[in-house]
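In: Next come a sequence and a model predicted from it.
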Amino acid sequence: QAEAEQQVVQAQALSESTQEETKVAALQAESDLKLAKLEQRRNPLLPPIVSRQNDIAVQQAENRLRQAEQDLTNKKNNAEAGIAIQQAALNRAKLTVETTRKMIESMTIKAKSGGYVNVQPNTNTNLFWGSQLLPFQIGDTVRPGMAVVQIPDMHNWEVSANVSELDRGHLSVGQKVSVS
């Protein structure tokens, strides 16, 4: 995206410099036409051959001015088209970035609640007789609706424990315990 933005800026700068160069050429052609017309005004005082040369010089200056004005219009349109193309590329790059961001976001698995996580076995792997299913790992493929992890309810656990006969007398129903 940054590269596309840079190309838009570059196209705009190139357009501005080309426009300035073309404007200078048009101003030069306009100046040449004025000078030729000044020379042409002396025609009644000059020999016929010089007078004809002045007329031809005015026509040439007028043609150069028309060409310079046409070049200015064409280069302006060309520059606008180039900028529009670069702007379209920038918009396409922005769209690609946004689409990629959404794809990455959709690949992220998010839990509905917090707690400890129990990673489930990956049933997508190839099984050999007698082998165990490995838990999911980073990079494994999952399908929509597939259980990848479980978050157990940490408030209602049932624990089975073996207690020696000597300690049995120290226990009572409802007594708080610590499980590690």
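Out: Done, it's in.

In: got the phi/psi numbers for the closest residue to residue 118 other than its chain neighbours?
Out: Take residue 118 and drop its neighbours on the chain: the residue closest to it by CB to CB, 6 or more residues apart in numbering is residue 150, 4.5 Å away. For glycine as for every other residue, the C-beta is placed from the backbone atoms N, C-alpha and C. In terms of degrees, to the nearest 10, the main-chain angles of residue 150 are phi -120, psi 140.

In: residue contacts, residue 150?
Out: 117, 118, 120 (CB atoms under 8 Å, 6 or more residues apart in numbering).

In: From these, which land in strands?
Out: Among the contacts of residue 150, the members falling in strands (DSSP state E) are residue 118.

In: Any chance of a markdown table for the contacts of residue 150, columns distance to residue 158, neighbour count and pLDDT?
Out: Listed next are the contacts of residue 150 as a markdown table, based on distance: CB to CB, whole Å; neighbours: other CB atoms under 10 Å; pLDDT from 0 to 100:
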| residue | distance to residue 158 | neighbour count | pLDDT |
| --- | --- | --- | --- |
| 117 | 20 | 12 | 83 |
| 118 | 16 | 10 | 83 |
| 120 | 21 | 14 | 86 |
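
In: List just the nearest of the contacts of residue 150 to residue 136.
Out: residue 120 (6.4 Å; CB to CB).

In: Spit out the contact partners of the closest one.
Out: Applying CB under 8 Å, 6+ apart, the residues contacting residue 120 are 135, 136, 147, 148, 149, 150.

In: Over to the third one. Which of the three states is it?
Out: The one in question is residue 147. coil (DSSP: H, G, I helix; E, B strand; the rest coil).

In: What is the longest helix along the chain packed up against?
Out: Longest helix of the chain, by residue count under DSSP state H: helix 48-107. Under the contact criterion of 3 or more CB pairs under 8 Å, 6 or more residues apart in numbering; DSSP states H and E, helix 48-107 touches helix 2-40.

In: No more questions from me, cheers.
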